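[1] sequence first, then the predicted structure:
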Amino acid sequence: MLRKVDKHSGIPAYVQIVNMIKSEILLGNLQKGAQLPTVRDLQNIFDVNINTVLKALEKLKAEGYIEAEQGVGYFIKKDIYLDQKIVETVRECVLKLKNHGIDFYTVMLIFEEVWKNG
């Protein structure tokens, strides 16, 4: 879900925007080929300066998540693929961790160590 950025999180606003849009794409909430809201609409949704929105969109474009059509807008690329089985596996893992009372930051530390050494 696209929402206002957290201006007190310590994470740059454009990074938060990139992460929100990426998540929505990868989880299937933003459909491949769909047009993103206008830059002005995104500015209002995220409650940031228009240059921040443009910086985020350019980063998403550079990473291959979206494409721009001059004078029309930004679109989700059609060739992005994430196997939904992977999403479901992660979802099940997260639920197990929550049920065991493990907090988010501990999970991230574990994840980082497993990623580095796995």
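    Noted; the coordinates are in hand. Here the structure is a predicted model, which means the values were calculated and not measured. Numbering: from 1, shown residues only.
[2] tell me which residues touch residue 38, please.
    By Cβ atoms under 8 Å, 6 or more residues apart in numbering, residue 38 lies in contact with residue 73. Heads up, the C-betas are built off the backbone N, CA and C, glycines and all.
[3] gap between it and residue 59?
    18 Å (Cβ to Cβ, to the nearest Å).
[4] name the residue most distant from the centre of the chain?
    Relative to the centre of the chain, the most outlying C-alpha is that of residue 100, 26.6 Å out, by Cα atoms, centre = their mean.
[5] per-residue pLDDT, that one?
    Residue 100 carries a pLDDT score of 96 in this model.
[6] that one and residue 93: what is the separation?
    Applying Cβ to Cβ, the value for residue 100 to residue 93 is 11 Å.
[7] where along the protein do the helices fall?
    13-26, 39-46, 50-62, 84-99, 104-117 (DSSP state H).
[8] and of these, who's closest to residue 74?
    Nearest to residue 74 among the helices of the chain is helix 50-62 (5.7 Å), distances taken as Cβ to Cβ.
[9] stretch 11-21: how far from the chain's middle?
    With Cα atoms, centre = their mean, to the nearest Å as the basis, stretch 11-21 stands 7 Å off its chain's centre.
[10] ok, residue 87 - contacts?
    Residues near residue 87 by Cβ under 8 Å, 6+ apart: 26, 27.
[11] tell me how far it lies from residue 94.
    Distance, residue 87 to residue 94, using Cβ to Cβ: 11 Å.
[12] got it, and residue 26?
    Taking Cβ to Cβ, one finds residue 26 at 15 Å from residue 94.
[13] let's see the pLDDT reported for residue 13.
    pLDDT, residue 13: 98.
[14] scratch that, residue 83
    Model confidence at residue 83, given as pLDDT, is 79.
[15] who's in contact with it?
    So residue 83 contacts nothing (Cβ under 8 Å, 6+ apart).
[16] circling back: who's more crowded, residue 26 and residue 94?
    Shown here are residue 26 and residue 94; by other Cβ atoms under 10 Å, residue 26 has more neighbours (16 against 13).
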